[in-house]
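> let me see the structure of the following:
(2 chains)
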Amino acid sequence: MYLFNTLKRRKEEFVPIDENNVRMYVCGPTVYDRAHLGNAKTPVVFDVLFRVLCNKYGKDHVTYVSNITDVDDKILNKHKETGKSIREITEQTYQWYVDDMAKLNVLSPNYRPRATEYINEMIELVELLLKEGHAYEAQGHVLFDVDSMPNYGFLSGRSMKEMIAGARIEVADYKKNPADFVLWKPSDADQPGWNSPWGYGRPGWHLECSAMSSKLLGNSFDIHGGGSDLIFPHHENECAQSLCAHPGEKFANYWVHGGMLMVDGVKMSKSLGNFYTIDQVLEKAPAEALRLLFLTTHYHQPFNFTFEGLEAAKQTLDKFYNALLRVKDVACDSSVADERIVNALEDDINTPLALSYIHDLVNTLNKAESDADKAKAKTTLLKSAELLGILWQNPEEWFKGSVGDEAQEIEKLIAQRAEAKKNKDYALADKIRNDLKEQGIILEDSPQGTTWKKI
RNA sequence: GGCCGGUUGGCAGAGUGGCUCAUGCAGAGGACUGCAAAUCCUUGUACAUCGGUUCAAUUCCGGUACCGGCCUCCA
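Residues are numbered from 1 along each chain as shown, chains lettered A, B, ... in the order given. Next up, the predicted model:
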């Protein structure tokens, strides 16, 4: 198995520390508002990696942690804007997020820790950094001292000189070095906070991931993931904290970063009017189409979202489910996932290549004649698709799912049309078909009779 | 200004030092069908640009142009 490791800036063979417990940590969202498309892409990508790891090492030998940031100034701002309590905001947003993930068929990680439940661990980490001489107190803050870490910047490939040249860092006068970042900051009495050796306050953003990953995965683990925008400063600073607090440990061996999501070729942002939340998009297309769409581009590349692409993904799924619909009564056999697909996914999660083989498997299934061939092709397809987290739905529900009481009426019209066809009254038969088409119902004749689908 | 990444056929998007070939959509032709739909078969079109390395480069190296990301909160 191979992964592109940001640390080395190249693809390298993945060798876990312990094959019996492969450990992965992926940065999750800050829960202050509905999750947007970018918040959806990263978990889908790492969900595929999680599935591939489970397939290779065994489900019980993989531990996947993805956090929820529920203490952050953005949440505080939301509270000021809306007047809703912090708790109300984070609980509601958390629920939205979990629901969105479920719709996208993202498997639950083994742990979804919330930052506020690990405050003690964070305080301990800060104490450790102070003790080791990597942090200092200033005006109620505790700051990480980047000068105490000679190779600070090694993950993102930045030198201190460059970062100062950037000159966009807000320089508080209590900082020894402009690049020093906050580990702990004071809170006003009406702000969320916890008592600490440095007074009432709250953790800095980078601290939580270091604390939670150590607690749940140990001080050295295998994979740390996230969007590429997190490389600096978030992951750089996590590295700094964790490595300085735990000398001799490796923190994460493989850093895996997904490309940014764009909309119509440019970065998604509210000011450009091309900002979409997950639920907004799911009003226009099934969640599975969005999931498939994410997988059509290699995760490491920037991903360009368009509604045309979403529609195309939906049509691709129609094709796939069409093939499955024909064999809905064929039982699965003992076939396993296609080796080509396993290999493609184990080669740095090459989902576009894997999908090309899915097309090939669908083609094979469509051409299968004997029941044994059908069973084999169907099973191979489904097992392979499971690694990608697609094709989990019942094909009939895929095509008819959103149709409720009308089903009986449709069946009645189909019977009428069959009668008309029998009498060679094609004008009436075509009228029935066209009327249904206008309602979004497509009829398909086959030697076995007529079936219908909702577009 | 610094640091990354990209540029493949009408579109989306893999991959490779030489081979018949990604794949999908769209297009063209055909089979099937009362006509369709679905499905199957056949088919055209490509590797930004300029140099270098090489027997051979879309693929490796260097320059140029263009595009995008990060350097501030961000998945």
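> name the element the closest residue to A:Lys215 other than its chain neighbours belongs to?
Leaving aside its sequence neighbours, A:Lys215 sits nearest to A:Glu121 (C-beta to C-beta, 6 or more residues apart in numbering; 5.1 Å). Placement of C-beta: from N, CA and C, glycine included. Using DSSP states H and E, A:Glu121 maps to helix A:119-131.
> list the buried ones in that helix?
If you call a residue buried by 16 or more other C-beta atoms under 10 Å, then helix A:119-131 has these buried ones: A:119, A:121-123, A:125-127, A:129-130.
> helices and strands of chain A: which one bottoms out on pLDDT?
helix A:160-166 (a mean of 53; mean pLDDT, DSSP states H and E).
> now the residue in chain A sticking out farthest from the centre: how far from RNA strand B?
Largest separation from the mean C-alpha position in chain A: A:Asn423, at 54.7 Å (C-alpha atoms, centre = their mean). For A:Asn423, the distance to RNA strand B (C-beta to the nearest atom of the strand, to the nearest Å) stands at 11 Å.
> mind checking pLDDT for that residue?
On pLDDT, A:Asn423 comes in at 93.
> go on, the one 3 residues further on?
With respect to pLDDT, A:Tyr426 scores 94.
> so what's it closest to, chain neighbours aside?
Closest to A:Tyr426 by C-beta to C-beta, 6+ apart is A:Ala420, at 7.5 Å.
> who in the stretch 301-450 of chain A is up against RNA strand B?
Within reach of RNA strand B by C-beta under 7 Å from any atom of the strand, the stretch 301-450 of chain A has these residues: A:301-304, A:309, A:312, A:315-316, A:319, A:322-323, A:348, A:350, A:352-353, A:355-356, A:359-360, A:362-363, A:366-367, A:421, A:426, A:429-430, A:433, A:442-446.
> next, count neighbours for A:Glu386.
Other residues within reach of A:Glu386, judged by other C-beta atoms under 10 Å, total 15.
> so the residue nearest to A:Tyr426 touches A:Ile414, yeah?
No: judged on C-beta atoms under 8 Å, A:Ala420 makes no contact with A:Ile414 at a distance of 10.6 Å.
> spit out the residues that contact the two alike.
Shared contacts of A:Ala420 and A:Ile414 (C-beta atoms under 8 Å, 6 or more residues apart in numbering): A:Ile432.
> where exactly do the helices run in the stretch 351-455 of chain A?
Assigned by DSSP state H, counting those that start in this stretch, the stretch 351-455 of chain A shows helices spanning A:351-367, A:371-388, A:395-400, A:406-422, A:426-438.
> just put the ones you listed in JSON lines and tack on distance to A:Leu295.
Below are the helices of the stretch 351-455 of chain A laid out as JSON lines (distance: least, C-beta to C-beta, whole Å):
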{"stretch": "helix A:351-367", "distance to A:Leu295": "4"}
{"stretch": "helix A:371-388", "distance to A:Leu295": "6"}
{"stretch": "helix A:395-400", "distance to A:Leu295": "18"}
{"stretch": "helix A:406-422", "distance to A:Leu295": "32"}
{"stretch": "helix A:426-438", "distance to A:Leu295": "31"}
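> alright, that wraps it up for me.
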